[in-house]
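S.K.: structure, please.
(one chain, ligands or ions: 1)
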Amino acid sequence: MKIEIVADYEALSKRAAAIVLDRVTQRPETVLALPTGNTPIGMYKQLVQAYWEGRTDFGQVWAFALDEYAEVPAEDRHSFSSFLRHHFIDPVGLAARFDHLRGEASDLEAECKRYELSIAARGGLDLAVLGLGVNGHIAFNEPPTPFDSRTHVVDLAGSTREANASYFPDGFPIPNRGVTMGIGTILEAQEILVIASGSSKAPIVARIVTAEPTVDIPASALKGHPHVMLLLDEEAATGWKD
Ligand code: PGA
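M.R.: Down below sits the predicted model:
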């Protein structure tokens, strides 16, 4: 696992965007897996700016959302697909080449199978960009998740629901289930970029870097992948570096 440390959130956002832009330049039909959360917002801003300035063309790119809340319809503004459409997909004109898990599907198991087939139909993921949960989750793969898991339905961890509560108005019920690409699905990407920012991520980053791979730290599965970069800002790196 390659580790790169940059000064701060701004630098992390620029570096992550530069990596995505480079891969899209190399291979215009790049298939991306995209994260939701606070961390990637700066990266999406950079990517949208690059598009507006004519520095890139996402015309042949395919994008897949990593995960979604169960029972939250795609049109609901709290859904992860709404988040991705707002921050990246719509501003760069990718709506027709964007697939996401339908959390409102009446048969979620069938929806998970459909998603795997949809990814395979695009030839698999080229670049999966991942955020990192404070408990080591990647996408909605909570500890412990088997490393060979495929797209599946999950019960969300308390720490995940707490971390995501700020997205919901007071009193709004925070979903307790999700649907997510599995760790096995993610590990099949040609390349994986994990972005982590801020001191709240420092303890889990230190565990990932120092521990042997274990299902109790889902992100540790990435250590077995040949082409992974962990991109950190100084604060996220403190627990391990100092
Ligand atoms: P965050 O979420 O970017 O909002 O910290 C990361 C995650 O839980 O995957």
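
S.K.: what's the local residue count around the residue of the chain found nearest the ligand?
M.R.: Closest residue of the chain to the ligand, Cβ to the nearest ligand atom: Gly37 (2.7 Å). (Glycine included, C-beta is placed from N, CA and C.) Per other Cβ atoms under 10 Å, the neighbour tally for Gly37 reads 17.

S.K.: what's the answer for Gly123, then?
M.R.: 11.

S.K.: tell me which residue is most central in the protein.
M.R.: By Cα atoms, centre = their mean, the chain has its centre lying nearest to Pro35, at 2.6 Å.

S.K.: phi, psi for the residue of the chain closest to the ligand please.
M.R.: When read as degrees, to the nearest 10, the backbone of Gly37 gives phi 130, psi 180.

S.K.: for Leu21, same thing?
M.R.: According to degrees, to the nearest 10, Leu21 has phi -60, psi -40.

S.K.: and it, what does it touch?
M.R.: 47, 50, 55-56 (Cβ atoms under 8 Å, 6 or more residues apart in numbering).

S.K.: how far away is it from Asp99?
M.R.: 21 Å (Cβ to Cβ, to the nearest Å).

S.K.: ok, Ala128 touching Ala189?
M.R.: Yes: contact status for Ala128 versus Ala189: in contact at 3.9 Å, counting by Cβ atoms under 8 Å.

S.K.: wait, Asp76 touches Glu68, no?
M.R.: No: in this structure Asp76 lies outside contact range of Glu68 using Cβ under 8 Å: 10.5 Å.

S.K.: compare these two (neighbour count), which wins?
M.R.: Glu68 (30 against 13).

S.K.: doesn't the more buried one belong to a strand?
M.R.: Yes: counting by DSSP: H, G, I helix; E, B strand; the rest coil, Glu68 is part of a strand.

S.K.: for it, what are its contacts?
M.R.: Per Cβ under 8 Å, 6+ apart, neighbours of Glu68: 79-81, 100-103, 178-180.

S.K.: just the ones of those residues in helices?
M.R.: In this view, these that belong to helices under DSSP state H are 80-81.

S.K.: so what's the residue of the chain closest to the ligand up against?
M.R.: Gly131.

S.K.: picking up where we left off before, greatest separation within the contacts of Leu21: which pair is it?
M.R.: Pairwise distances across the contacts of Leu21 peak at 9.8 Å for Leu47 and Arg55 (criterion: Cβ to Cβ).

S.K.: got the contacts of Leu21 as CSV, with pLDDT and neighbour count columns?
M.R.: Shown next, in CSV, are those (pLDDT from 0 to 100; neighbours: other Cβ atoms under 10 Å):
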residue, pLDDT, neighbour count
Leu47, 98, 25
Ala50, 98, 19
Arg55, 95, 11
Thr56, 95, 20
